[in-house]
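**Q** below are the sequence and a predicted model for it; my questions follow.
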Amino acid sequence: MSSASALDNSIVYLRGVGEKRAKLFEKLGVKTVRDLIYHLPRRYVDLSAPVSIAEAVLDMPNVVEVTVVSKERPAMIRKGMTIYKVLVTDGSDDMTVTIFNSSYVYDMLRVGEEYILFGKITGNFTRREMSSPEIRLKSKADIIEPVYPLTAGLTQNMMRICMKSALAKMQPKDVEFLPQDIVDSASVLSEAEALKLIHFPETPNDVTEARRRLAFGELLTLRLGMLSLREFNRKSTTFAMKKADMEPFYRALPFKLTGAQSRAISECMADMCKSIPMNRLILGDVGSGKTAVAAACIYFAAKNGAQSVLMAPTEILASQHYASLKGFLEPLGIKIALLKGSMKKKEKTEAYAGIASGETEVIVGTHAVIQEGVEYRRLGLVITDEQHRFGVEQRTALAKKGENPHRLVMSATPIPRTLALMIYGELDISVLDELPAGRKQIKTYAVTGKLRARACGYVREKIDEGGQAYIVCPAVEEGEDVFNVTDYAKELEKGEFKGYRIGVLHGRLPAAKKDEVMAKFKNGELDILVCTTVVEVGVDVPNASVMMVENADRFGLSQLHQLRGRVGRGERESCCILITDSASEETRKRLRVLSSTSSGFDISEADLEIRGPGDFFGSAQHGLPPVKIADLAADRELIALAQDIADNITDTGRITLPGCEPLRKRVEALFDSGVRMN
Ligand code: ADP
Ligand code: MG
């Protein structure tokens, strides 16, 4: 990677490529030889583990080794469609192979010769068939064949040939970006070996080892990038706060803080007393009391004469944070304002004036609060709730706000720590792993639609006792084949819940309407809220004690856990009923995780294993540079290893030394944001 190498030439010069093909390769993002060798197989045809025809699993891809017994005469079934049938056997059983329209393949097959076939076997126990399998002459087959992403005009075979000539041009030093001792201590292959094996493995283990090296390189680079962002943040200075008397705040609290809350608050205060900005994530389960931690930090900042801003992703959440913070802080004489897009101009102007004069010490709103040219007097603390929804640009935009305020991030989802370190790697983390005492378990049941009537009966009982209910559907309006809030609310109004007061809430309602419905529900003017996942995060109505979720299989486990966290926030015994019509055992098993544990951290572990990290963040939303090879769900051991080594490289300052130049370049290339190391 140091100086120019043959790999940086255009692929036009590769044998067998030329202008025309180069154009096709370009569609795949492949311009140089280096691009080509990093164009990785999507999957492999593994011919290494043949099964007998008799034992093959029907309707699944199988590899079989067969001898051709006989060839039937081609049958033209209509113009332009000829079917070729060949009888094969492997000793255990025989089978008909059907080939459509390819006289070439048909002619190639010789009676008495051995072949390896790969494809789906169909039929029944007496007659088996294989349609259009991959066919290889046994004596010549590569046992594991790469299968590449292609574009029209290119074939797998061309790709393999070009890849071979590209790899022949590769010198180990052209691709290696890790110092040898790191390669050794991580016990990974060299980059060159890994690339050779990822394209042309001889055993399945070769693929595993090659992937491991490439994924390791990727994770290490990512982690180093996060650490460099963190260093970058640490270069800026802010005003260091001083110790303040927190007693009045603690005395005014209606409850005793949990140990985890106290710890988090101390960590934040210590951070804010430094002259580099705090950059901390509060990672906590639903109901772990993140808001109280935020309130304590705001109080601390206010005692230091600094303003604070709290940014929430939706107006509903902003309104609610406003209400709770007001409860905590106003009795202590701290002035707090809510800024909403839907406010009247006059109200806004008044709010702006209060902020500019410094009379208002706390401002709560959606992210508009930092964009609308609001002028702060002495902004010292910026808190963002449910950070991942803001994306990485806003994260950096915030960091660049002139005054370098201290930053606190409250997580939406309790995610496993290793993953948090990857995704929020530039932040310090406080974990709230303890729920306030006396929290009741939310009993959770997963049932099929057959029990819907009974579930509704149970919900009515709860409401009759004075409670309130959420009924959650995946869709807003008719369209997909799932429950939608609009129609379902009408149906329930006439049927199961006749005479009950029902409100409808979803993301497409105008903000003012949403707030109105939410306020009614909160004030007890509605018995039931039929809603989408807009209630997922943070909404707090202590009197709501039962939730029913339709099409529960449509949601991720963590999301369901967030949802059920909307109940069980008050004195009432609470319960969550997950309804699914999915017959799959997998689904039941997945939903049962929720009945058996109430720890958001455990649930996110399970979710991560089942569905991958995309689910927490809506894949593109986590704002990370794309990870192509590593699998954030499956490569846990590798993530931990990469983290350790990256931390060591950073702590020792080694990243700036000459041996680490290629690695440093890769890290810098990761962020276009202009963040530079050292
Ligand atoms: P989350 O972490 O989900 O944002 P909240 O901050 O909304 O949790 O807190 C959930 C509820 O628990 C709120 O009603 C809050 O007042 C209450 N609460 C927070 N901390 C404690 C505590 N230490 N003891 C009792 N109740 C608490
Ligand atoms: Mg919250």
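**A** Happy to help now that I have it. Numbers count the residues shown, from 1 in each chain. Ligands and ions are numbered 1, 2, ... in the order given.
**Q** what's the weakest-modelled helix or strand in this protein?
**A** helix 614-617 (a mean of 43; mean pLDDT, DSSP states H and E).
**Q** and the stretch 201-350 of the chain, which residues reach ligand 1?
**A** By C-beta under 6 Å from any ligand atom, the residues of the stretch 201-350 of the chain that approach ligand 1 are 255-258, 261, 284, 286-292. Where C-beta positions appear, they are placed from N, C-alpha and C, glycine not excepted.
**Q** rerun at 8 Å
**A** Residues of the stretch 201-350 of the chain lying near ligand 1 by C-beta under 8 Å from any ligand atom: 253-258, 261, 284-294, 324.
**Q** and the chain, what are its domain boundaries?
**A** 1-41+143-171, 48-141, 442-597 (automatic domain parsing).
**Q** winner for burial among these?
**A** Highest mean neighbour count among the domains of the chain (mean count of other C-beta atoms under 10 Å): domain 442-597, with a mean of 19.
**Q** any residue of it touching ligand 1?
**A** Yes: Domain 442-597 lies within reach of ligand 1 by C-beta under 8 Å from any ligand atom, at Gly538, Asp540, Pro542, Gly565, Arg569.
**Q** and the end-to-end length of that domain?
**A** Domain 442-597 has an end-to-end distance of 10 Å (C-alpha to C-alpha, to the nearest Å).
**Q** mean confidence score for it?
**A** Per-region confidence: domain 442-597 scores 89 on mean pLDDT.
**Q** distance from the chain centre to that domain, please.
**A** Here the centre of domain 442-597 is set off from its chain's centre by 24 Å, with C-alpha atoms, centre = their mean, to the nearest Å.
**Q** wait, Val97 sits on Ile83?
**A** No: in this structure, Val97 is not within contact of Ile83 by C-beta atoms under 8 Å, at 11.1 Å.
**Q** give me the common contacts of these two.
**A** Residues touching both Val97 and Ile83 (C-beta atoms under 8 Å, 6 or more residues apart in numbering): there are none.
**Q** buried set for the biggest helix by length in the chain?
**A** Secondary structure of the chain per DSSP state H: the longest helix is helix 204-235. Of the residues in helix 204-235, 206-207, 209-233 count as buried by neighbour count, 16 or more other C-beta atoms under 10 Å.
**Q** let me know the next secondary structure element after that helix.
**A** Going down the chain from helix 204-235, the next helix or strand is helix 247-252, by DSSP states H and E.
**Q** that following helix packs against which elements?
**A** helix 290-303 (3 or more C-beta pairs under 8 Å, 6 or more residues apart in numbering; DSSP states H and E).
**Q** which residues sit against the helix it packs on?
**A** Helix 290-303 has contacts (C-beta under 8 Å, 6+ apart) with 241, 244-246, 249, 253, 257, 261, 264-265, 268-269, 272, 282, 284, 307-308, 310, 321, 324-325, 328-329, 332, 334, 361-362, 380-381, 383, 385, 406, 408, 410-411, 430, 432.
**Q** buried members of these into PyMOL, please.
**A** In PyMOL, a selection of the buried entries from the contacts of helix 290-303 looks like this (16+ other C-beta under 10 Å):
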select buried, resi 241+244+249+257+261+264+265+268+269+272+282+284+307+308+310+321+324+325+328+329+334+361+362+380+381+383+385+406+408+410+411+430+432
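**Q** identify those among the contacts of helix 290-303 that sit within strands.
**A** In strands, defined here by DSSP state E, the members of those are 282, 284, 307-308, 310, 362, 380-381, 383, 385, 406, 408, 410, 430, 432.
**Q** point out the least confident one among those residues.
**A** The lowest pLDDT within the ones in strands among the contacts of helix 290-303 belongs to Asp385, with 83.
**Q** what kind of secondary structure is Leu492 in?
**A** Counting by DSSP: H, G, I helix; E, B strand; the rest coil, the backbone at Leu492 sits in helix.
**Q** please name the residues that touch it.
**A** Taking C-beta under 8 Å, 6+ apart as the test, what Leu492 contacts is Cys456, Ile471, Ile502, Ile528, Val530.
**Q** helices along the stretch 251-400 of the chain, start to end?
**A** Assigned by DSSP state H, counting those that start in this stretch, the helices in the stretch 251-400 of the chain fall at 259-272, 290-303, 315-329, 345-357, 391-399.
**Q** how about the residues of domain 442-597 next to ligand 1 in CSV, adding secondary structure?
**A** Shown next, in CSV, are those (three-state DSSP):
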residue, secondary structure
Gly538, coil
Asp540, coil
Pro542, coil
Gly565, coil
Arg569, coil
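**Q** taking these together, which two end up most distant?
**A** Gly538 and Pro542 (13.3 Å; C-beta to C-beta).
**Q** are any of the residues of the stretch 201-350 of the chain next to ligand 1 buried, and which?
**A** Among these, those buried by neighbour count (16+ other C-beta under 10 Å) are 257-258, 261, 284-294, 324.
**Q** so the closest residue to Thr597 other than its chain neighbours is in which element?
**A** Leaving aside its sequence neighbours, Thr597 sits nearest to Ile603 (C-beta to C-beta, 6 or more residues apart in numbering; 6.3 Å). Ile603 belongs to helix 600-611 when elements are defined using DSSP H and E.
**Q** what residues sit buried inside that helix?
**A** Gly600, Phe601, Asp602, Ile603, Ser604, Glu605, Ala606, Asp607, Leu608.
**Q** what's the closest of these to Lys169?
**A** Leu608 (39.7 Å).
**Q** closest residue of the stretch 551-678 of the chain to ligand 1?
**A** Nearest residue of the stretch 551-678 of the chain to ligand 1: Arg569, at 5.5 Å (C-beta to the nearest ligand atom).
**Q** you'd agree that residue is up against Val286?
**A** No: at 9.2 Å, Arg569 does not count as touching Val286 under the criterion of C-beta under 8 Å.
**Q** straight-line length of stretch 305-321, end to end?
**A** Criterion C-alpha to C-alpha; first-to-last residue distance in stretch 305-321 is 21 Å.
**Q** chain center to it: distance?
**A** On C-alpha atoms, centre = their mean, the centre of stretch 305-321 falls 25 Å from that of its chain.
**Q** can you check stretch 58-67 too?
**A** Distance, centroid of stretch 58-67 to centroid of chain: 36 Å (C-alpha atoms, centre = their mean).
**Q** now that stretch - C-alpha only, CSV.
**A** Below are the C-alpha coordinates for stretch 58-67, written out as CSV (Å, rounded to 0.1, in the frame of the first residue of the first chain):
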residue,chain,number,x,y,z
LEU,A,58,-35.4,-33.2,-0.9
ASP,A,59,-36.0,-29.6,-2.0
MET,A,60,-32.6,-28.5,-0.6
PRO,A,61,-29.4,-28.0,-2.5
ASN,A,62,-27.3,-31.2,-2.4
VAL,A,63,-24.0,-32.3,-3.9
VAL,A,64,-24.0,-35.8,-5.4
GLU,A,65,-21.4,-37.8,-7.3
VAL,A,66,-22.9,-39.7,-10.1
THR,A,67,-22.2,-41.8,-13.2
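**Q** so which residues make contact with that stretch?
**A** 46-53, 56, 88-90, 95, 112-124, 128, 130, 138.
**Q** who's Arg407 bridged to?
**A** Counting by DSSP bridges, Arg407 forms beta bridges with Asn279, Val382.
**Q** does it touch Ile282 like I think?
**A** No: look at Arg407 against Ile282 with C-beta under 8 Å: they stay out of range, at 11.3 Å.
**Q** ok, whatever residue of the stretch 101-250 of the chain ends up closest to ligand 1 - how many residues close by?
**A** Residue of the stretch 101-250 of the chain nearest ligand 1, by C-beta to the nearest ligand atom: Tyr250 (11.0 Å). Residues near Tyr250, counting by other C-beta atoms under 10 Å, number 14.
**Q** now it, nearest residue through space, not along the chain?
**A** Leu257 (7.4 Å).
**Q** quick check: closest non-adjacent residue to Gly119.
**A** Here the residue nearest Gly119, using C-beta to C-beta, 6+ apart, is Pro133, at 3.2 Å.
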